[in-house]
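> No sequence on hand, only this structure:
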Ligand SMILES: O=C(CO)[C@@H](O)[C@H](O)COP(=O)(O)O
């Protein structure tokens with residue numbers, strides 16, 4: 001699968017979201033961090049803003065729900081115009097039912113794991129998903145340092161995806177930058193969320209292009225061993 005670069009609007013100017021979405025045209029998805037100050041100690045935005053943003057940009061939205069009770073809320077984000085919804089397995093009461101409901105509504109179903117949550121108990125769930133998100137920081141804030149200790153989990157997840165021959169995207173989120181993206185790609189990730197590395201750059205669109213070139217080279221290296 002081709003590499004995908006998804007700017008996180010958590011690092012954008014929330015008063016100018018439509019312009020900030022345009023500033024990264026050429027990105028594959030916009031990553032929308034939804035936080036409820038319960039599942040994580042931060043508060044961001046909800047369904048009405050996603051509904052407005054979906055109308056303001058042609059870039060598809062992936063909503064990353066860092067909230068309690070995603071079973072209740074996730075389908076509403078698809079109805080609001082998101083094309084993909086990521087829920088945390090630690091918060092979901094019925095992850096399989098929820099993934100099926102997201103897909104039944106026409107969305108891509110994605111499940112996230114916090115750093116201390118292992119992948120192995122969820123091997124049998126993987127066919128129910130379109131994407132798996134491995135958090136490479138503790139969720140809640142942008143601008144944190146990348147957790148190198150997540151690299152073995154990324155590798156093990158890639159092995160599981162390949163073992164089962166699944167068409168499942170493997171996303172990483174947190175501390176992804178020019179200094180870390182190659183390690184993530186070499187470990188097996190193919191979807192990269194970057195907040196401060198994109199919106200903190202003078203030219204966000206150029207930052208997306210730079211990250212894409214680095215990730216593509218590292219993915220080729222992983223595939224060919226050269
Ligand atoms: O989900 C989160 C944080 O919880 C992320 O999406 C951050 O927004 C990524 O920001 P950077 O680490 O790339 O600055």
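Nice, thanks for sending it over. Note that the coordinates shown come from a computational prediction; the quantities given were computed from them, not determined experimentally.
> contacts and neighbour counts: CA atoms only from here.
Noted.
> For the chain, what lies in contact range of the ligand?
Within the chain, the positions lying close to the ligand (C-alpha under 6 Å from any ligand atom) are 8, 10, 33, 139-144, 173-176, 194-197.
> For the chain, which segments are assigned as strands?
Remark: strands assigned in the chain by DSSP state E are 4-7, 30-35, 61-66, 84-88, 108-113, 131-135, 169-173, 191-194.
> and among the ones you listed, the most buried is which?
Mean neighbour count, computed with mean count of other C-alpha atoms under 10 Å, is highest for strand 191-194 among those, reaching a mean of 28.
> tell me the mean pLDDT for that one?
Average pLDDT, strand 191-194: 98.
> Could you list every helix and strand in contact with it?
strand 4-7, strand 169-173 (3 or more C-alpha pairs under 8 Å, 6 or more residues apart in numbering; DSSP states H and E).
> Same list, those strands, but as TSV with mean pLDDT please.
Putting the helices and strands packed on strand 191-194 into TSV (pLDDT from 0 to 100) gives the following:
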stretch	mean pLDDT
strand 4-7	98
strand 169-173	98
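> Using JSON lines, lay out these together with distance to residue 83.
JSON lines is the format used below for the helices and strands packed on strand 191-194 (distance: least, C-alpha to C-alpha, whole Å):
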{"stretch": "strand 4-7", "distance to residue 83": "13"}
{"stretch": "strand 169-173", "distance to residue 83": "14"}
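> where along the protein do the helices fall?
17-22, 47-56, 70-79, 95-104, 151-163, 181-187, 196-199, 204-224 (DSSP state H).
> Export those helices as TSV, with columns for mean neighbour count and distance to residue 38.
Output for the helices of the chain, formatted as TSV (neighbours: other C-alpha atoms under 10 Å; distance: least, C-alpha to C-alpha, whole Å):
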stretch	mean neighbour count	distance to residue 38
helix 17-22	17	24
helix 47-56	16	17
helix 70-79	20	12
helix 95-104	19	19
helix 151-163	17	26
helix 181-187	23	29
helix 196-199	24	23
helix 204-224	18	31
